[in-house]
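Novice: any chance you could fold what I've pasted below:
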Amino acid sequence: MSERRIPPRITLNRRKRALGGLALAVTLALGTAAPADSYPVPPHPGPAPAPPAPGPGEAAPLGLDSLVPGEPRAPGDIPYLMDTPDQVLPPLVYEPSPAEDAVEPGAPKNAGRLVEYVPGNEVGAVTCSKQTGPYQRQVERWLKLPVDGKQSVADCAAIRRFQTDRGIRPSNGFAGPVTWGAIRLLAAKDRPNAAGHCPVRRSRIACVDLDRQLMWVQSGKGQKVDFGPVPIRSGRPGYATRTGTYPVYWRHKNHWSTIYHAPMPYAQFFSGGQAFHGIYDNVYSTVGSRGCVNLTYSDARRLWGVLRKGDPVHIWGHRPGS
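Specialist: Alright, predicted model coming up:
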């Protein structure tokens with residue numbers, strides 16, 4: 001039997017359809033970035049500057065890798081350590097029923113508490129730390145102390161007062177990541193987009209600043225802040241949160257990661273498997289997420305009421321240390 005010949009035009013059309021299907025599969029796997037002309041995207045600001053090296057005679061600050069939570073986990077706390085899905089795999093999208101959406105995700109009793117990371121030999125053992133923290137200079141500058149990068153009795157007392165006022169525990173005067181994160185949040189409170197890195201639009205846009213580990217929602221030419229700024233935890237080395245502009249394409253209030261068997265309350269997906277969602281651990285932890293933009297449980301719950309499907313999310317910068 002002779003082979004049936006297929007006209008060249010039909011063959012070409014089939015090839016076009018196959019290539020189109022491949023492009024669609026890649027798009028679904030990675031999430032759809034908004035067209036370049038959809039939103040006015042400012043130039044990328046680049047990575048945040050590295051902290052200055054210690055001067056002559058200064059003690060080198062302790063590295064983040066050497067720090068541990070300053071308080072032991074309370075009895076009954078649930079350690080959801082692997083709390084984000086694989087950043088490449090998109091979720092199985094479906095329309096949750098009204099009954100499912102009516103259920104609010106539960107939160108453990110101590111979710112979102114501010115526990116500072118401290119040297120291991122100081123956990124529950126010191127009232128006032130003598131160690132130079134990794135953010136000593138930055139904290140000294142904010143508190144209007146002499147900026148010498150060395151811990152002193154006066155530094156410890158001032159840092160302890162700040163930690164007590166902000167509810168950071170233990171308040172032992174160590175200039176760690178939680179204390180510095182609280183200061184970053186205060187510094188950005190009134191004008192989070194002062195540097196102009198997030199596009200200005202008439203309608204809502206979620207802004208994610210990886211350099212400062214903050215996010216907020218703004219709208220209008222006057223850059224009215226509709227939500228935040230609030231602290232976030234973005235992707236660790238090897239699992240970077242993707243930069244660019246993406247739409248929120250699926251919202252799932254009671255999402256559960258089938259990969260890591262962990263809850264992702266108030267998940268709002270914007271790029272493949274990457275989403276805003278709440279966590280039950282410390283948002284200031286020294287280890288980042290696996291690509292998602294983590295928020296405290298309470299912040300994720302409030303953000304759920306602000307964003308809608310289709311709202312753009314603009315992400316820029318680099319997580320410090322990643």
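
Novice: contacts, neighbours, all on C-alpha from now
Specialist: OK.

Novice: so residue 144: helix, strand or coil?
Specialist: Here residue 144 takes the coil state, with states given by DSSP: H, G, I helix; E, B strand; the rest coil.

Novice: if I look at it, how far off is residue 155?
Specialist: To residue 155, residue 144 is 10 Å away according to Cα to Cα, to the nearest Å.

Novice: repeat that for residue 132.
Specialist: As judged by Cα to Cα, residue 132 and residue 155 stand 10 Å apart.

Novice: could you do residue 207 as well?
Specialist: For residue 207, the distance to residue 155 - Cα to Cα - is 34 Å.

Novice: next one: residue 205
Specialist: 40 Å.

Novice: cool, residue 253 as well?
Specialist: Taken as Cα to Cα, the span from residue 253 to residue 155 is 43 Å.

Novice: repeat for residue 95
Specialist: Per Cα to Cα, residue 95 is found 54 Å from residue 155.

Novice: same check, this time on residue 257
Specialist: In terms of Cα to Cα, residue 257 sits 43 Å off from residue 155.

Novice: what about the two, which has more around it?
Specialist: Neighbour count, other Cα atoms under 10 Å: between residue 257 and residue 155, residue 155 has more, with 25 against 16.

Novice: let me know the secondary structure of the more buried one.
Specialist: With three-state DSSP as the basis, residue 155 sits in helix.

Novice: then residue 230?
Specialist: Assignment for residue 230 (three-state DSSP): strand.

Novice: shaky segments in this structure?
Specialist: 1-62, 65-66, 72-88, 259-260, 322 (pLDDT under 70).

Novice: other SSEs contacting the longest strand seen in it?
Specialist: For the chain, the longest strand by residue count, based on DSSP state E, is strand 262-271. Secondary-structure packing of strand 262-271 (3 or more Cα pairs under 8 Å, 6 or more residues apart in numbering; DSSP states H and E): strand 244-247, strand 250-257, strand 274-279, helix 297-304.

Novice: right, and these - which one's nearest residue 125?
Specialist: Closest approach to residue 125 among the helices and strands packed on strand 262-271 (Cα to Cα): strand 274-279, 28.5 Å.

Novice: other SSEs contacting that closest one?
Specialist: Counting by 3+ Cα pairs under 8 Å, 6+ apart, strand 274-279 packs on strand 262-271, strand 293-296, helix 297-304.

Novice: from the chain's centroid, how far away is the first one?
Specialist: Going by Cα atoms, centre = their mean, to the nearest Å, the spacing between the C-alpha centre of strand 262-271 and its chain's C-alpha centre is 12 Å.

Novice: over to the shortest one?
Specialist: A distance of 5 Å separates the C-alpha centroid of strand 293-296 from that of its chain, computed with Cα atoms, centre = their mean.

Novice: where do the helices sit along the stretch 101-250 of the chain?
Specialist: Using DSSP state H, counting those that start in this stretch, the helices found in the stretch 101-250 of the chain span residues 136-142, 153-166, 177-188.

Novice: okay, those in a markdown table with distance to residue 216 next?
Specialist: Formatted as a markdown table, these follow (distance: least, Cα to Cα, whole Å):
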| stretch | distance to residue 216 |
| --- | --- |
| helix 136-142 | 22 |
| helix 153-166 | 20 |
| helix 177-188 | 10 |
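
Novice: and residue 284, which of those helices is closest to it?
Specialist: Comparing those by Cα to Cα, helix 177-188 comes nearest, at 5.6 Å.

Novice: quick one: contacts of the closest one?
Specialist: Counting by Cα atoms under 8 Å, 6 or more residues apart in numbering, helix 177-188 makes contact with 64, 114-117, 134-135, 138-139, 142, 163, 166, 168, 212, 214, 229-231, 284-286, all of which sit outside it.

Novice: now the helices and strands packed on strand 274-279 in JSON lines, with distance to residue 178?
Specialist: Output for the helices and strands packed on strand 274-279, formatted as JSON lines (distance: least, Cα to Cα, whole Å):
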{"stretch": "strand 262-271", "distance to residue 178": "22"}
{"stretch": "strand 293-296", "distance to residue 178": "13"}
{"stretch": "helix 297-304", "distance to residue 178": "16"}
